[in-house]
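*Asks:* Turn this into a model:
(chains A and B)
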There are 2 protein chains.
Amino acid sequence: MAKKSQAKGSVRDALRVPAGAKPGIPLEPDSIPIGPDSKAAAAKDLAATGERLAELQEALYAEGVAGGGHRAVLLVLQGMDTSGKGGTIKHVCGQVNPQGLHIASFKKPTKAELRHHFLWRIRRQLPGPGLIGVFDRSHYEDVLVVRVNELVPKSVWSGRYAEINEFEAEAAASGITLIKCFLHIAPDTQKERLIARLKNPAKHWKYNPADLDARARWSDYTKAYADALTRCSTSDAPWYVVPSDRKWYRNWAIGRLLLETLEDLKPQVPPGEFEVDTELARLVEADPLG
Amino acid sequence: MAKKSQAKGSVRDALRVPAGAKPGIPLEPDSIPIGPDSKAAAAKDLAATGERLAELQEALYAEGVAGGGHRAVLLVLQGMDTSGKGGTIKHVCGQVNPQGLHIASFKKPTKAELRHHFLWRIRRQLPGPGLIGVFDRSHYEDVLVVRVNELVPKSVWSGRYAEINEFEAEAAASGITLIKCFLHIAPDTQKERLIARLKNPAKHWKYNPADLDARARWSDYTKAYADALTRCSTSDAPWYVVPSDRKWYRNWAIGRLLLETLEDLKPQVPPGEFEVDTELARLVEADPLG
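*Replies:* Purely as a prediction, here's the structure:
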């Protein structure tokens, strides 16, 4: 076993949006509600977390793929441009065996997708048994960009919070543990990161002039996020606010959310359906190769 | 840029099965045809390879996802039980951003899959633009286990080599660079690894008593592999024999095969379709937030 990672108290408790909270975003983008307060300490702890995550993920995979188990985990990543959804996948999810990950990116829906219910393309990407699903954006865009840009009437998007809660309760009932993370950054942080992106040609592919249109609607997005976080933080599928102005804190916190969740699940490597001694005898005394 | 990895000459040249080679497996499972001859040196070099791979993979991803490029890579992993297909995915592929990987495991076909042509389920898992696809087993099982166990008549499986070559030529023409690896182990190596697996309850989920049935047919599998390697090693889609008795050598060699391939492709991060100065001015002087 890897050595135990360091954190006092539960990161889930510290970052969770309580069910029934009043609208708002309960934590600041540069806050450190729990855990390490230096980059070096966070990096060291993240590495230890990664080792334990890799062990637990292998057990979850074994349970689901070989053992007929039905449990899975789904990490939902939401946040404004540059908040670090991609960086989280690379640095946090990159610590486990990629074979156990199911990563789905939800971009602007295609025409074909738009002909379906908004949850249609989401359901198709739910992680199968034993997997850790990762959503880079998600069904929440249907109450975020869709609401801010009035892509559908209010009468439509306002009904979606209840639909989402029902959908997520079903997913939870089917064995999926949801971890929904809002990567919370300040407007100034985004500005710095966009400037850095523009000044580095190797990163231009990540920049789109339309990013500034979303930026211009920052306060509308903040309201939309606040509503999503409070209306859809349920006991089945809680939201966590991840202070993300510091990349190292964001990675540490999401690593710990995953770790606490997997530790709680206590995934069980299934026993073999054979007699060990019989098999060893077949292999050693009666080796089929002679 | 990460520092350059060390190897004399081309690993692809050293491990490739020449097109038109006479039937047989040209390298021994414990040979070191090229590269480091110690675990420590191999591990150090693999880490350097991993850094460069991660950079090149990001460029390939950018080219394909943001730049409208059509190129992709497909790593096909074949080998007897315990040869290390899963370990390769974990230790070699695990070095790049998991978002850029598309991993598919081909197990015993389902009844639904069996109603289709044998390449049907394979085509559906070809990597999209910008991705590195990884096949854990593949269409080659249709000329390996299917042939050894006579699951279809010889008249059927013997026609599949030509079908596979045609299919792979099409995939190559569509922009996919194939790297087909035969993870070559000796029967004694498998025996040791199966015993270790049986003696460790945490690994029992990886063991199936039927593994010994395949082991009993070792020489038939060797013939079937030899035929697949020689009949289907083409300039479009060469086979590589990866000596895999040593796990560190296997990981090193496959890392280098990927690296040489990506270096040859020279993936290009696409330029932004915007004027940097205009965007900086929009962001700094006319910040929409303020």
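
*Asks:* so residue A:102 touches residue A:136, yeah?
*Replies:* No: using Cβ atoms under 8 Å as the test, residue A:102 is too far from residue A:136 to be in contact (11.7 Å). The way it works is simple: take the backbone N, C-alpha and C, and place the C-beta from them, glycine included.

*Asks:* tell me what the helix of greatest length in chain A is packed against?
*Replies:* For chain A, the helix with the greatest residue count under DSSP state H is helix A:39-61. Applying 3 or more Cβ pairs under 8 Å, 6 or more residues apart in numbering or on different chains; DSSP states H and E, one finds that helix A:39-61 contacts helix A:247-265.

*Asks:* Check which helices and strands the helix it packs on sits against.
*Replies:* So helix A:247-265, by 3+ Cβ pairs under 8 Å, 6+ apart, packs with helix A:11-15, helix A:39-61, strand A:72-79, helix A:85-91, strand A:176-184, strand A:239-243.

*Asks:* what bridges to the most centrally placed residue in chain A?
*Replies:* The centre of chain A sits closest to residue A:75, judged by Cα atoms, centre = their mean, with a distance of 2.4 Å. Beta-bridge pairing for residue A:75 (DSSP bridges): residue A:134, residue A:179.

*Asks:* and the residue nearest to residue A:227 when sequence neighbours are not counted, what element?
*Replies:* In space, and not counting its chain neighbours, residue A:227 is closest to residue A:23: 6.0 Å by Cβ to Cβ, 6 or more residues apart in numbering or on different chains. Using DSSP states H and E, residue A:23 sits within no helix or strand.

*Asks:* For residue A:23, give me its contacts.
*Replies:* By Cβ atoms under 8 Å, 6 or more residues apart in numbering or on different chains, the contact set of residue A:23 is A:226-227, A:230.

*Asks:* And these, which is closest to residue A:257?
*Replies:* Using Cβ to Cβ, residue A:230 is the member of those that sits closest to residue A:257, with 18.9 Å.

*Asks:* Surely that closest one touches residue A:17?
*Replies:* Yes: Residue A:230 is in contact with residue A:17 according to Cβ under 8 Å; the separation is 6.5 Å.

*Asks:* Could you check which of those two is surrounded by more residues?
*Replies:* Taking other Cβ atoms under 10 Å in any protein chain shown, residue A:230 and residue A:17 do not tie; residue A:17 has more neighbours (23 against 20).

*Asks:* In a helix, residue A:104, correct?
*Replies:* No: under the criterion used here (DSSP: H, G, I helix; E, B strand; the rest coil), residue A:104 is strand, not part of a helix.

*Asks:* Residue ranges in chain A under the pLDDT threshold?
*Replies:* By pLDDT under 70, the low-scoring segments of chain A are A:1-8.

*Asks:* dump the residue contacts of residue A:75.
*Replies:* When contacts are counted by Cβ under 8 Å, 6+ apart, residue A:75 is found next to A:93, A:132-135, A:179, A:181, A:254, A:257-258.

*Asks:* can you count the residues close to the nearest residue in space to residue A:253 that is not next to it in sequence?
*Replies:* The shortest distance from residue A:253 to any non-neighbouring residue, by Cβ to Cβ, 6+ apart, is to residue A:242 (5.0 Å). Residue A:242: 28 surrounding residues under other Cβ under 10 Å.

*Asks:* check contacts around residue A:242.
*Replies:* A:15, A:181-184, A:250, A:253-254, A:257.

*Asks:* Highest neighbour count among these?
*Replies:* Tallying neighbours with other Cβ under 10 Å puts residue A:253 at the head of those, with 31 neighbours.

*Asks:* Wait, that residue touches residue A:15, no?
*Replies:* Yes: with contacts counted by Cβ under 8 Å, residue A:253 reaches residue A:15, the gap being 6.5 Å.

*Asks:* Give the residues shared as contacts by these two.
*Replies:* A:240, A:242.

*Asks:* where does residue A:29 land in three-state SS?
*Replies:* coil.

*Asks:* How many residues are close by it?
*Replies:* Residue A:29 is flanked by 23 other residues according to other Cβ under 10 Å.

*Asks:* close enough to count as contact, it and residue A:247?
*Replies:* No: between residue A:29 and residue A:247 there is no contact under Cβ under 8 Å: 11.8 Å.

*Asks:* Just the buried subset of the contacts of residue A:75, please.
*Replies:* Buried by 16 or more other Cβ atoms under 10 Å in any protein chain shown: A:93, A:132-135, A:179, A:181, A:254, A:257-258, out of the contacts of residue A:75.

*Asks:* Tell me the one of those residues nearest residue B:9?
*Replies:* residue A:93 (35.7 Å).

*Asks:* Contact residues of the stretch 101-250 of chain A facing chain B?
*Replies:* By Cβ under 8 Å from any Cβ of the partner chain, the part of the stretch 101-250 of chain A that sits against chain B consists of A:101, A:103, A:105, A:136, A:187, A:191, A:194-195, A:198-199, A:201-202, A:204-207, A:209, A:212-213, A:215-216, A:218.

*Asks:* Mark which of these are part of helices, please.
*Replies:* Using DSSP H, those in helices are A:187, A:191, A:194-195, A:198-199, A:212-213, A:215-216, A:218.

*Asks:* what's the closest of those residues to chain B?
*Replies:* Closest approach between those and chain B, by Cβ to the nearest Cβ: residue A:216, at 3.2 Å.

*Asks:* ok, the closest one - how many residues close by?
*Replies:* Residue A:216 sits with 15 neighbouring residues when counted by other Cβ under 10 Å.

*Asks:* Then residue A:74?
*Replies:* 24.

*Asks:* Quick check: closest non-adjacent residue to it.
*Replies:* Nearest to residue A:74 is residue A:133, by Cβ to Cβ, 6+ apart, at 4.2 Å.
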